[in-house]
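Student: need a 3D model of the following:
(4 chains, ligands or ions: 4)
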Amino acid sequence: MRSTERMAMKFETISYLDLEGNLPSGFKHDLSDETLIRAYKIMQLTRRIDERMITLQRQGVVNFVIGSRGEEGCSVASAMALKPDDLLYFQYREQGAILWRGLSAEEYSHHMLLNEKDPSKGRQMSNHYGSKKHSAMTVSSTLATQIPQAAGAAYAMKIQKKDMVSLCYFAEGAASEGDFHAGLNFAAVYKCPVIFFCRNNHYAISTPRKFQYAGDGIAPRGVAYGMQTFRVDGNDIFAVYDITKKAREICMRGEGPVLIEAMTYRVGPHSTADDPTRYRKDEEVCDWDPKCPVLRLKLHLIKKGLWNDEKDKAFKDAMHQEVEAAIESARNTPKPSLETMFQDVYADIPWNLQEQYEFLQALEKEKN
Amino acid sequence: MRSTERMAMKFETISYLDLEGNLPSGFKHDLSDETLIRAYKIMQLTRRIDERMITLQRQGVVNFVIGSRGEEGCSVASAMALKPDDLLYFQYREQGAILWRGLSAEEYSHHMLLNEKDPSKGRQMSNHYGSKKHSAMTVSSTLATQIPQAAGAAYAMKIQKKDMVSLCYFAEGAASEGDFHAGLNFAAVYKCPVIFFCRNNHYAISTPRKFQYAGDGIAPRGVAYGMQTFRVDGNDIFAVYDITKKAREICMRGEGPVLIEAMTYRVGPHSTADDPTRYRKDEEVCDWDPKCPVLRLKLHLIKKGLWNDEKDKAFKDAMHQEVEAAIESARNTPKPSLETMFQDVYADIPWNLQEQYEFLQALEKEKN
Amino acid sequence: MPVMNIIEAINNALHIAFETDDRVIAFGEDVGFFGGVFRATVGLQEKYGVERCFDTPISELGIMGFAMGCAQMGLKPIPEIQFADYIFPGYDQIVNEIAKGRYRTGNQWSNGMVIRTPYGGGIHGGHYHSQSIEAQFLHTPGLKVVIPSDPYEAKGLLLSCIRADDPILFMEPKRIYRASKAEVPLEDYMIPLGKAKIAKEGNDLTLIGYGAQHHQNMTAAAEAEKMGISVEVIDLRTLNPLDIETITASVKKTGRCVVAHEAPITGGFGGELTALIQQRCFLHLEAPINRCCGFDTPYSNAHEKRYLPDSPRVLISILETMKY
Amino acid sequence: MPVMNIIEAINNALHIAFETDDRVIAFGEDVGFFGGVFRATVGLQEKYGVERCFDTPISELGIMGFAMGCAQMGLKPIPEIQFADYIFPGYDQIVNEIAKGRYRTGNQWSNGMVIRTPYGGGIHGGHYHSQSIEAQFLHTPGLKVVIPSDPYEAKGLLLSCIRADDPILFMEPKRIYRASKAEVPLEDYMIPLGKAKIAKEGNDLTLIGYGAQHHQNMTAAAEAEKMGISVEVIDLRTLNPLDIETITASVKKTGRCVVAHEAPITGGFGGELTALIQQRCFLHLEAPINRCCGFDTPYSNAHEKRYLPDSPRVLISILETMKY
Ligand SMILES: Cc1ncc(C[n+]2csc(CCOP(=O)(O)OP(=O)(O)O)c2C)c(N)n1
Ligand SMILES: Cc1ncc(C[n+]2csc(CCOP(=O)(O)OP(=O)(O)O)c2C)c(N)n1
Ligand SMILES: [Mg+2]
Ligand SMILES: [Mg+2]
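Tutor: Ligands and ions are numbered 1, 2, ... in the order given. Have a look, this model is predicted:
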């Protein structure tokens, strides 16, 4: 490459599924019909849970929700391409992946309502899911910190000679943090088997991409770090699946980390604390309606004769019931006990925490 | 650019002056004979001062020295291409630039000996020069921190509509810090008139480049951030000058920041605290002897009839005397006074510092 | 005089600062077009242009380093860190660079700026939207720290900070951003830095706090009053430089002292206050200085209410100290 | 028994840790091939391979984040930060992520690791090779802090840290890396965490310190002894969790206390110690607890000798406290 003024590096976007649900003729994939149907169901489940949680937030039952509407394709299809033990590191808008892994609506609800069955014992905000049995690292609010962590975890997998990769989700805003730079660079230097999955969804809260970066998105950075890099249509589950699977193979061949930039759009507000009408036009959002990953897969399934309106209705009815039952169960589960406040700070409880716990116990007793 | 496996981005290196001191026939530049001779002299002065300081360190007169042997071309030629007011941000191995700006051997020595005439009042380690009157920001040991600072300063120049750029020196090791990422990205987003000048000198203390990055050096990152990027032979003052000048023009045209990666080699130890024989072979170092920027310019000057051995001897004799006198003067200048310890922490001296100063004053009096 | 909440008062102060000094600029995540997630910078971009008030990429270290460069070139930056919990990626730039800039360069350059950041608990934010970070910045020579407790204070202190010539961390009690209301003059006014405020006079015990905690302290003092205990309540306002005179005069008068803050007790600023007071008022002290603070755990969402040293807990500390 | 200096003892401990537990890995800037700029990791790469001991790119935040990922996968990382002054780019990863990891994940994952870093003044390092950073990490629930003062302690404490299940900041007094020598058994041994050491018994005053400062304290105590003052000298060893029992028992016995550390006095760990002691030993105290510490300036190279609380200054504090 010549040193040149205004050098351009433009990445094309890999996409297979068109807006009507057609795949290119001759296109081959290894996804069974059952898998495709499950993918559709999990995307719908994800969307439903998000919607319900947002409603519960308005009702004061849940404090805070980050919906993933429009981005379910990124999370579900990437998780589909991995083995169940591969370690996922989330940003926070990838609930589809943990649901794909088999976390139930009920388990998810226990977390969202921060009750005693929440694996994090109600300590974090809701939407900070994580479950060791699903090999899914607990979300941390601090953006991008998970990126070098995922590199380190992958390094451990490599030297422990495991058939395992880590996959780290983040979005284009978080990619501005120093942690992004360190994480990708370390991974490239040590050829760690880690897939960096960037959801480029156009916004970071109110901040549009032009104030996030001046280059051609995030993908060119992967090349700069010396790693194999792909840009995909994040709303096309076939593209996301295919490239994530390729990425896993690259990792397992010892060729080092892979960066995937998935182009998508944050259809909803940033979170329940946000009102996007203050900073973007409705028309812009509407443009993305036909690109919806759930809709496109549904059209595809219908075209393939795997799905129809009747099935859709029956599935949704059952799924909605399941979600309601899950929420009901979570609402009826008690809050974490007082002692959980002082546990897990260290492996053991030191004297100062013990004293503080006893003080608080006495206080609570007095109150009752 | 297609998403592809093992995507390659290879930068070529711009170089004009060959090892015998020849420029390509028909090559044009705007450097006067006097400027070329001054460049040579300042490079020699830089080298001499470095050598003497290293000796003084061994003698216990100076605590710490970072020599720039072999890299004088980077610092001097880049400074030559700027206007005198353009703000320089250093890493620490760019004394050539501040000497080009007119800082005298004596001023430099005052700093190195950390006496009361050191503009930093002896507070930092030596080799942490800086002089406002030379528009040269004081060095900070903490690597890479100056990179976003230089971006911010350039932003201020831009909104204040000054005919000014900032130029930020750093090396390939520092480019791994998060600050590098933030600094270049911010500069690109706001199109700040800043030149990022990376000395890629093969080593970060003992760490060779293969443990610093896996890509094709630092240059491709500039492209990824969407900025104009050049790779030059850092030991060719014509290439460094030419590209830095171009970079300044790009900045002043409002086209945003520029990244220059100058390929060079750290010929000496990292610092007087380092012993490179423990981690690299002498042969490797010797390979770089003929590429020496000072030698190549000297050969060029001789070929052009601007220089000869006689002149060289006369110049060196005088210059050495000047350096000795400078050191002598610095040695005879007292250390900073006690009160400087408590000044400049804040604009004013708060009660706690006042109390501490008085306590120490009393203590010193008792001692004497 | 109009009634404002803290956010409005801060916004008002920023507008005055922008109007009266064109070296002033403000930036941070979502600070520009949107006006900040808490709406503190609303209207600045519209009125003073995108060059003076703008959105940044998400990088706190970038925001801090960029601000330092702006300051070195003579601007007066007011960078915002969206939540105090997210200031740590910029910690090195603040404690090693910004704070030491004047000293390190021998007063050739300085880094006058105001780092604004909402801090503290009580908003169901869990670990990362609740922390009180002041102690992590009060061990840093060169950096001042100011924390207002109500709208009137917020405006006057912020204007003083902007017009001071040092880097200042200005921590805003987000829990009471909207809950705390007061009459605030529309005019330009300043409250001097380094001066604590005796918010309530008293003779039996000195209660020291700042920010949102100050209101818990006032409530506790009122309760104590009902029980016949006369509490003098000090709102520190500036934590560095500390108003040691006001503090020692008060404790010498009362002979007893409680210090309260939200941050974990161990390593918190209460320790420093205690050490200073016990040294300067030793012979006047009738009881140990009592600290009523957050616990030594990360900030737990589910237990938020129990975590905070609310007025009932402050009252317990007062009673304990009185009984000693 | 061989005589070792601190660096040799640390190196020896690391070799034992690598030998006895293959989950142990070490990395950092210049740590691999070269063996570290202070030579603490010499021989590890040669003996145990480049996968277990390696050089990193220059990014402290990367080193910390990477270490956390390794720990989450069950390895036991021993990352090195070349100088404590350079730990701050990794501050967020340490205080927000590594320290809170166990709590945040509900004990599903933990981050057992030992962050080794040389700290402190006395080597002509100016602002950025001299800082004592402990206080900036002692307000962080979830993170333990250990500081040895001699080779024997260094080896035994380091091995305990490596075998503990928590993230631990292990700060090494670089000024005495080579100057402090002691007999150190070649065998594997551990010194329990959370236990202070009474380095010298005494009755008149308790002198508390750690790391390199402890030696200044011992010298001052010896001087005081000559003047008829019997000083009990405590070397804390573990700063978190603190050995509160040993401390309070001593101060209750002596009735007087001096705390000394190199870090700036304001916001330093001395404040916390003072606050704890005055609360627990109030009725036994015959004088205010005196802090003998670094000044509230950045660390000035030219004035290094005056900056440090050396034994003459500690002695002054002892005398002051005795005279009170
Ligand atoms: C270190 C840090 N800084 C700031 C924030 C506040 N914050 C939360 S989400 C967010 C925007 C993130 O945007 P992006 O990474 O694009 O993710 P998206 O929300 O679009 O999925 C910000 C600024 C944070 N959580 N952490
Ligand atoms: C933040 C930080 N980390 C570590 C160091 C210690 N250190 C000083 S110089 C250096 C190597 C720098 O290498 P490079 O950037 O390539 O510069 P060069 O010495 O080759 O000119 C290191 C690790 C430091 N000064 N600052
Ligand atoms: Mg986004
Ligand atoms: Mg280098």
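
Student: how close does whichever residue of the stretch 201-324 of chain C sits closest to chain B get to C:Asp310?
Tutor: Closest contact between the stretch 201-324 of chain C and chain B, by Cβ to the nearest Cβ, is at C:Pro241 (3.9 Å). For the C-beta atoms, the positions are set from N, CA and C on the backbone; glycine is no exception. Distance of C:Pro241 to C:Asp310, computed by Cβ to Cβ, to the nearest Å: 29 Å.

Student: check C:His129 too.
Tutor: Taken as Cβ to Cβ, the span from C:His129 to C:Asp310 is 18 Å.

Student: between the two, who's got more neighbours?
Tutor: C:His129 (25 against 19; other Cβ atoms under 10 Å in any protein chain shown).

Student: make sure that one is actually in contact with A:Ser141.
Tutor: Yes. Here C:His129 reaches A:Ser141: they are 6.8 Å apart, a contact under Cβ atoms under 8 Å.

Student: how does the chain divide up, domain by domain?
Tutor: If you meant another chain, say so; for now it's chain A. A:11-336, A:338-368 (automatic domain parsing).

Student: not quite, I wanted chain C
Tutor: Following automatic domain parsing, chain C resolves into domains at C:3-183, C:197-323.

Student: tell me the mean pLDDT over the first one?
Tutor: Right, the one you point to is domain C:3-183. Regarding domain C:3-183, the rounded mean pLDDT is 98.

Student: for the shortest one, same thing?
Tutor: Within the predicted structure, the mean pLDDT of domain C:197-323 is 98.

Student: got the end-to-end distance for it?
Tutor: End-to-end distance of domain C:197-323 (Cα to Cα, to the nearest Å): 27 Å.

Student: now do stretch C:253-267
Tutor: Span of stretch C:253-267 from end to end, Cα to Cα: 27 Å.

Student: same question for that stretch: list its buried residues.
Tutor: C:254-267 (16 or more other Cβ atoms under 10 Å in any protein chain shown).

Student: can you pull up the most central residue in the chain?
Tutor: Chain wasn't specified; assuming chain A. Nearest to the geometric centre of chain A sits A:Glu94, at 1.7 Å (Cα atoms, centre = their mean).

Student: how far away is that one from chain B?
Tutor: 22 Å (Cβ to the nearest Cβ, to the nearest Å).

Student: grab the nearest non-local neighbour of that residue.
Tutor: In space, and not counting its chain neighbours, A:Glu94 is closest to A:Ser75: 4.0 Å by Cβ to Cβ, 6 or more residues apart in numbering or on different chains.

Student: which SSE is the one you found in?
Tutor: helix A:72-80 (DSSP states H and E).

Student: quick one on the thing from earlier: overlap of the contact sets of C:His129 and A:Ser141?
Tutor: Taking Cβ atoms under 8 Å, 6 or more residues apart in numbering or on different chains as the criterion, C:His129 and A:Ser141 both touch A:Met125, C:Asp85.

Student: is stretch A:135-154 up against chain B anywhere?
Tutor: No. Stretch A:135-154 does not reach chain B (Cβ under 8 Å from any Cβ of the partner chain); its nearest approach is 9.6 Å.

Student: got the end-to-end distance for that stretch?
Tutor: Criterion Cα to Cα; first-to-last residue distance in stretch A:135-154 is 13 Å.

Student: ok, and does that stretch reach over to ligand 3?
Tutor: No. On the criterion Cβ under 5 Å from the ion, stretch A:135-154 is out of touch with ligand 3, staying 10.2 Å away.

Student: quick one: distance of stretch C:15-26 to the chain centre.
Tutor: From the chain centre to the centre of stretch C:15-26 is a distance of 21 Å (Cα atoms, centre = their mean, to the nearest Å).

Student: got a list of what the residue in chain C that ligand 1 sits nearest to touches?
Tutor: Residue nearest to ligand 1 within chain C: C:Tyr86 (3.7 Å; Cβ to the nearest ligand atom). C:Tyr86 makes contacts with A:Thr142, A:Leu143, C:Glu60, C:Tyr128, as judged by Cβ under 8 Å, 6+ apart.

Student: can you tell me how far the third one sits from chain A?
Tutor: Distance, C:Glu60 to chain A, using Cβ to the nearest Cβ: 8 Å.

Student: show me what the longest helix along chain A is packed up against.
Tutor: The single longest helix within chain A, with elements called by DSSP state H, is helix A:33-58. Applying 3 or more Cβ pairs under 8 Å, 6 or more residues apart in numbering or on different chains; DSSP states H and E, one finds that helix A:33-58 contacts helix A:72-80, helix A:95-100, helix A:105-112, helix A:293-303, helix A:309-331.

Student: rounded mean pLDDT for it, please.
Tutor: Averaged over helix A:33-58, pLDDT sits at 98.

Student: what are the buried residues along that helix?
Tutor: Residues A:36-37, A:39-54, A:56-57 are the ones in helix A:33-58 that count as buried (16+ other Cβ under 10 Å).

Student: and if you look at stretch C:210-222?
Tutor: By neighbour count on 16+ other Cβ under 10 Å, the buried set for stretch C:210-222 is C:Tyr210, C:Gly211, C:Ala212, C:Gln213, C:His214, C:His215, C:Gln216, C:Asn217, C:Met218, C:Ala220, C:Ala221.

Student: residue boundaries of the strands in the stretch 51-200 of chain C?
Tutor: Using DSSP state E, counting those that start in this stretch, the strands of the stretch 51-200 of chain C run over residues C:53-55, C:76-80, C:113-119, C:144-146, C:167-173, C:181-183, C:197-200.

Student: just send those back as TSV, with distance to B:Leu167 and mean neighbour count too.
Tutor: Shown next, in TSV, are the strands of the stretch 51-200 of chain C (distance: least, Cβ to Cβ, whole Å; neighbours: other Cβ atoms under 10 Å in any protein chain shown):
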stretch	distance to B:Leu167	mean neighbour count
strand C:53-55	24	25
strand C:76-80	21	26
strand C:113-119	23	26
strand C:144-146	32	25
strand C:167-173	25	27
strand C:181-183	49	14
strand C:197-200	47	17
